[in-house]
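A.B. asks: the amino acid sequence is not available; the structure is as follows:
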C-alpha cells in the first residue's frame, strides 16, 4: 500500500467524487485499459463534504473503466462506508493489481492488510456481511460483492450498508481483482474553515428537508413516482414498446403498503427518510432477516415490473431482493431480460419460457445470470452484446446508450431526458 498526497490545486479543480476519480484513473494510466486486466484501477472517491453535519453528505463515487460500456464509469452511492473511509485519512482509495486468491482488503485507520476471504467467497451479500461482522470489529464498514461480481457479470454491483454502487459493473472489477470485500474504519476527523457557519447551514438544510417538497418520499419512498410517470405515458413498459402499464396500480407503493409489512429508514447523514423496506412473507424467518426484506426503489420497481410486463408484486419484490443479494444492478438486469423477452416474442431467441408478464421466468433468468448458466451467460453480457450476438438487427430495439441500459424514464415523452441520455459520458 502506498499513500500518495494530492496537491491543493488537484483537490480544488477536481472536487471529489467523479471528477477526482477520473483524474486518479488517468494518473494510473487506467483510463484506456481493459477493465478486467490487473493494471486497471478502480477508485472509491469521497465527497469533500463527507464527515460534515450537512444532510445527504455521505456520498462517494466508484470510478473505473466499465466492463459493460468500455467507457469511464462513475457509480454514485451514499452510506456509512463513505464516512468510515474518509476517517481513514483518505480522500480516495484506489485499487490496482490483482490478488492471487480471493481476498478481503482491510484498511484500519490507515494501516492496510490483506486477509484470506475463505468461505466468504461464493456467499451472497447478506450472509457475507454477517460473516464479516463476526470476523472483524463492528466498527468496520464494508463494501462487498456478491456471486455476480465474482463471476464477472458486466453489471454487477458493490453493496455497502445494503445500498449499492450499481451502474456500470464496478462489482465485476472487484471480482476480477479477487477482492470480495473492503473494510474501512478510522479515527481521523475533517476540519472545516468556518465550522459555525457550517453548523448554521446544516440546521437550515435539515429544516428544509422536512418540508412539503420531500413529503412524498417520506410517505411512499422513491417509488411514489410510478403512477405519476404512468399517467404521463413516461413509464417504460415491455422493453419500451409502450409508455404506460395497465398493471401499474398493483405495483404502486400505495397498494404494496396494504399487502406487505413496511418499515422506514434513513441513509447515513440524511434527514429525508425515503428508504422503504418491505417484508417478504416468510413465517419461519425473523423480521430482521435481510433475506426476507427488500428495500424498494423506483428503479427496481420499473425495471423488474412494467419493463418486463409483470404486475405481480410478489414476483417483483422477490426479483428485487435476489438482485440485491446476488449483487446485480436492477436497471441493467431488468433491461437486459426485457430485451431478451422481446427477442423471444419476435422469434429471434429460442428460449420460449422467457415471456413478458411471467414473474417466474424473470426470477429464473436472474438466477441464471448470477451463475452464468445457459442463456444466463449471454444475459450477463448486457443488452448491447446480447443484441450483437443475436444479430438480425436486434440492436435496433435494444434500449441502451453507449452500452448502458436506460433507467426508468421514457425518453420519447421526456425529451430533455432524451438529450441527457444521448450526451451522458457514461451512457444512459
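C.D. replies: Sure thing, it's come through. On a predicted model such as this, the values are computed, not experimentally measured, just so you know. Numbering: from 1, shown residues only.
A.B. asks: once you drop chain neighbours, what's closest to residue 167?
C.D. replies: residue 75 (4.8 Å; C-beta to C-beta, 6 or more residues apart in numbering). Just so you know, the C-beta spots here come from the backbone N, C-alpha and C atoms, and that holds for glycine as well.
A.B. asks: looking at this, the one you found is in a strand?
C.D. replies: Yes - residue state for residue 75 (DSSP: H, G, I helix; E, B strand; the rest coil) corresponds to a strand.
A.B. asks: quick one: it from residue 380, how far?
C.D. replies: Per C-beta to C-beta, to the nearest Å, residue 75 is found 18 Å from residue 380.
A.B. asks: could you do residue 135 as well?
C.D. replies: From residue 135 across to residue 380, the span is 30 Å (C-beta to C-beta).
A.B. asks: these two - which one has more neighbours?
C.D. replies: A side-by-side neighbour count of residue 135 and residue 380, using other C-beta atoms under 10 Å, places residue 380 first with 26 against 13.
A.B. asks: show me what contacts the more buried one?
C.D. replies: If a contact means C-beta atoms under 8 Å, 6 or more residues apart in numbering, then residue 380 has 148, 151, 152, 153, 154, 369, 372 as its contacts.
A.B. asks: wait, what's in contact with the closest residue to residue 342 other than its chain neighbours?
C.D. replies: Distance criterion C-beta to C-beta, 6+ apart; nearest residue to residue 342, sequence neighbours excluded, is residue 239 at 4.4 Å. Taking C-beta under 8 Å, 6+ apart, we find residue 239 in contact with 307, 335, 338, 339, 341, 342, 397, 399.
A.B. asks: find the helix or strand that residue 239 is a member of.
C.D. replies: If you go by DSSP states H and E, residue 239 is not part of any helix or strand.
A.B. asks: mind checking how far the helix or strand hosting residue 315 is from the chain centre?
C.D. replies: Using DSSP H and E, residue 315 maps to helix 313-326. Centre-to-centre, helix 313-326 and its host chain are 14 Å apart (C-alpha atoms, centre = their mean, to the nearest Å).
A.B. asks: from the contact counts, what lies against that helix?
C.D. replies: Packing partners of helix 313-326 (3 or more C-beta pairs under 8 Å, 6 or more residues apart in numbering; DSSP states H and E): helix 125-135, helix 248-251, helix 253-259, strand 293-295, helix 298-304, helix 330-345, helix 359-371.
A.B. asks: so where's the stretch 1-150 of the chain shaky on pLDDT?
C.D. replies: Residues of the stretch 1-150 of the chain meeting the criterion pLDDT under 70: none.
A.B. asks: spatially central residue in this protein, please.
C.D. replies: Centroid-nearest residue in the chain: residue 166, 1.9 Å away (criterion: C-alpha atoms, centre = their mean).
A.B. asks: what sits against that one?
C.D. replies: Residue 166 is in contact with 75, 77, 157, 329, 330, 331, counting by C-beta under 8 Å, 6+ apart.
A.B. asks: report the buried residues of stretch 391-409.
C.D. replies: By 16 or more other C-beta atoms under 10 Å, the buried positions in stretch 391-409 come out as 394-395, 397-409.
A.B. asks: return the member of the contacts of residue 380 nearest to residue 219.
C.D. replies: Checking the contacts of residue 380 against residue 219 with C-beta to C-beta, the nearest one is residue 148 at 32.6 Å.
A.B. asks: quick check: which element contains that closest one?
C.D. replies: Judged by DSSP H and E, residue 148 forms part of helix 147-150.
A.B. asks: report all helices and strands that that helix contacts.
C.D. replies: Contacts defined by 3+ C-beta pairs under 8 Å, 6+ apart place helix 147-150 against helix 170-176, helix 359-371.
A.B. asks: elements contacting the first one?
C.D. replies: Under the contact criterion of 3+ C-beta pairs under 8 Å, 6+ apart, the helices and strands touching helix 170-176 comprise strand 41-46, strand 59-65, helix 147-150, strand 158-160.
A.B. asks: nearest to residue 351, out of the ones you listed?
C.D. replies: helix 147-150 (19.8 Å).
A.B. asks: now tell me what touches that closest one from outside.
C.D. replies: Outside helix 147-150, the residues that touch it by C-beta under 8 Å, 6+ apart are 102, 121-124, 156-158, 171-172, 174-175, 180, 326-328, 369-371, 380.
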